[in-house]
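S.K.: this is the structure alone, sequence omitted:
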């Protein structure tokens, strides 16, 4: 993002990218007809309660007063605002500076084979008002989050009916909620309580302090481990590394659904026994870290945290939809995260080989020229070994200085005098 190349990449993928189905990676998404939408709906269990919606605003700021007036004039009675259905005359005032999603309710019905014509008319109305998008929401189980089926007249998988609303630059930005991986919020890594940090002294026994805070000095937790040891059958005085793997897992992650009798002291000091599952030391730390309001406790627990690549996006920081959009044909087709992972010299070579057909070539030509010119500047200042997804904080002083030089000189401004204050700082002596 420092070099502005990622901004041009986002624009390129939004304008000429080809979306693919995540479940069937070889299947390019194509336009879905109304009859295909009706067939996919009728494949649901009979008598399923459905609500057909047309998305009119997705993640945009504003009060949208004119929109509600327009929808009322068209004869619509209900809208769904940020997941809640309202009568169109009783919609609460929307916060002007917050992002909102507004969907107009086109129809409410139960799935039956004789409603084929009604479904076709409802989807037709939804597509006209939703810019080629329609949403079928199951309403049978109101206690849970309703299942939603997105249908698109633009991008849909003919095999599994997976649909993508539309391609826009923010879908490819990990700094935007619309494009960021929902698991890691676009960070590419997640924090977790590392068993190796939790069990700080594995050569010691649990009683002697293998796990800080759970030894005999902490009476409450140690008493709990004593009851667990009695039930499972292990020795608290035995070094942690010599305990069976199954016992180590129960201690760290819990007993699952198995209830264990635990001995406690009542308020009056009398012994009592209560049966419940053993939470596990790591889930216990996670819960305390999540629920505590104490900054001191949070800082103490943070010592056991470590980070690892996000298992959902594999460190690419993008949501599933963005990871399955490619630019190019055949073997040269690449997703945006694959381009970002290439060394700059290979990225420049890739765009040199990239060929697009017809209208796509006309649209992408100017964008690709901007990308290539910036890649050339970075290669010319000796950074051809870096990748675009390299974190800025991991760059050396010289690398950061070269990027700044390339960004300034590569902007192509004319009639401007640059004053470079010690431009060679951090560079190798041979470049001075």
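M.R.: Nice, I can see it. A quick note: this is a predicted structure, and the numbers were derived from the prediction, not measured.
S.K.: next one: stretch 111-118 to chain centre, how far?
M.R.: 37 Å (C-alpha atoms, centre = their mean, to the nearest Å).
S.K.: oh, that last question was meant for stretch 183-198, not what I typed.
M.R.: Put simply, stretch 183-198 sits 14 Å off its chain's centre (C-alpha atoms, centre = their mean).
S.K.: also stretch 285-303?
M.R.: With C-alpha atoms, centre = their mean as the basis, stretch 285-303 stands 24 Å off its chain's centre.
S.K.: pull out the buried positions in that stretch.
M.R.: Residues of stretch 285-303 classed as buried: 285, 286, 289, 301 (neighbour count, 16 or more other C-beta atoms under 10 Å). The way it works is simple: take the backbone N, C-alpha and C, and place the C-beta from them, glycine included.
S.K.: tell me which two in those residues are the farthest apart.
M.R.: 286 and 301 (8.9 Å; C-beta to C-beta).
S.K.: tell me who's in contact with the residue nearest the centre of the chain.
M.R.: Against the mean C-alpha coordinate of the chain, by C-alpha atoms, centre = their mean, the closest residue is residue 181 at 1.3 Å. Applying C-beta atoms under 8 Å, 6 or more residues apart in numbering to residue 181 gives the contacts 174, 188, 310, 312, 313, 316, 317, 318, 319.
S.K.: repeat that for residue 16.
M.R.: Going by C-beta under 8 Å, 6+ apart, residue 16 touches 327, 356, 360, 363, 364.
S.K.: that older thread, with adjacent residues omitted, what lies nearest to the residue nearest to the centre of the chain?
M.R.: Leaving aside its chain neighbours, residue 181 sits nearest to residue 313 (3.9 Å; criterion: C-beta to C-beta, 6 or more residues apart in numbering).
S.K.: how would you label that neighbour: helix, strand or coil?
M.R.: Of the three states, residue 313 takes coil under DSSP: H, G, I helix; E, B strand; the rest coil.
S.K.: separation between it and residue 319?
M.R.: According to C-beta to C-beta, to the nearest Å, residue 313 stands 7 Å off from residue 319.
S.K.: any regions of the stretch 301-432 of the chain where pLDDT drops low?
M.R.: Scanning the stretch 301-432 of the chain for pLDDT under 70 picks out the ranges 409-413, 418, 420-432.
S.K.: what segments of it are strands?
M.R.: Here the stretch 301-432 of the chain has its strands, by DSSP state E, counting those that start in this stretch, at 305-309, 325-327, 334-335.
S.K.: could you look over those and pick the most buried one?
M.R.: Among the strands of the stretch 301-432 of the chain, ranked by average contacts under mean count of other C-beta atoms under 10 Å, first place goes to strand 325-327 (a mean of 22).
S.K.: what strands line up against that one, and which way round?
M.R.: Strand pairing for strand 325-327, determined by DSSP bridges: strand 18-19 (antiparallel), strand 334-335 (antiparallel).
S.K.: mind giving me CSV with those and columns for distance to residue 281?
M.R.: Listed next are these as CSV, based on distance: least, C-beta to C-beta, whole Å:
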stretch, distance to residue 281
strand 18-19, 44
strand 334-335, 40
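S.K.: before we move on, back to that, next, the residue nearest to residue 181: phi, psi?
M.R.: Here is the backbone geometry of residue 313 (degrees, to the nearest 10): phi -100, psi 0.
S.K.: could you measure from it over to residue 328?
M.R.: Going from residue 313 to residue 328 by C-beta to C-beta gives 21 Å.
S.K.: who has more neighbours, these two?
M.R.: Each of residue 313 and residue 328 has its neighbours counted (other C-beta atoms under 10 Å); residue 313 has more, 25 against 19.
S.K.: against residue 86, how distant is the more buried one?
M.R.: For residue 313 relative to residue 86 (C-beta to C-beta), the value is 35 Å.
S.K.: same check, this time on residue 44
M.R.: Separation of residue 44 from residue 86 (C-beta to C-beta) stands at 26 Å.
S.K.: same thing with residue 170?
M.R.: In this view, residue 170 and residue 86 are 27 Å apart by C-beta to C-beta.
S.K.: filter the contacts of residue 181 down to just the ones in helices.
M.R.: Within the contacts of residue 181, no residue falls in helices by DSSP state H.
S.K.: distance to residue 220 added to the residues you listed, as JSON lines?
M.R.: What follows is these, written out as JSON lines (distance: C-beta to C-beta, whole Å):
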{"residue": "174", "distance to residue 220": "43"}
{"residue": "188", "distance to residue 220": "38"}
{"residue": "310", "distance to residue 220": "35"}
{"residue": "312", "distance to residue 220": "36"}
{"residue": "313", "distance to residue 220": "40"}
{"residue": "316", "distance to residue 220": "43"}
{"residue": "317", "distance to residue 220": "41"}
{"residue": "318", "distance to residue 220": "44"}
{"residue": "319", "distance to residue 220": "43"}
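S.K.: just the buried subset of the residues you listed, please.
M.R.: Those of the contacts of residue 181 that meet the buried threshold are 174, 188, 310, 313, 316, 317, 318, 319, by 16+ other C-beta under 10 Å.
S.K.: so what's the last one up against?
M.R.: Read that as residue 319. 171, 179, 180, 181, 182, 313 are the contacts of residue 319 under C-beta under 8 Å, 6+ apart.
S.K.: what does the second one give?
M.R.: Applying C-beta under 8 Å, 6+ apart to residue 188 gives the contacts 174, 181, 309, 310, 313, 315, 316, 317.
S.K.: distance of it from residue 318?
M.R.: Taking C-beta to C-beta as the measure, residue 188 falls 9 Å from residue 318.
S.K.: who touches both of these two?
M.R.: Common neighbours of residue 188 and residue 318 (C-beta under 8 Å, 6+ apart) are 174, 181.
S.K.: thinking again about what came up before, for residue 193, find the nearest of the strands paired with strand 325-327.
M.R.: strand 334-335 (32.1 Å).
S.K.: about what we covered before: now, among the buried residues of stretch 285-303, which is nearest to residue 95?
M.R.: Closest approach between these and residue 95, by C-beta to C-beta: residue 289, at 31.1 Å.
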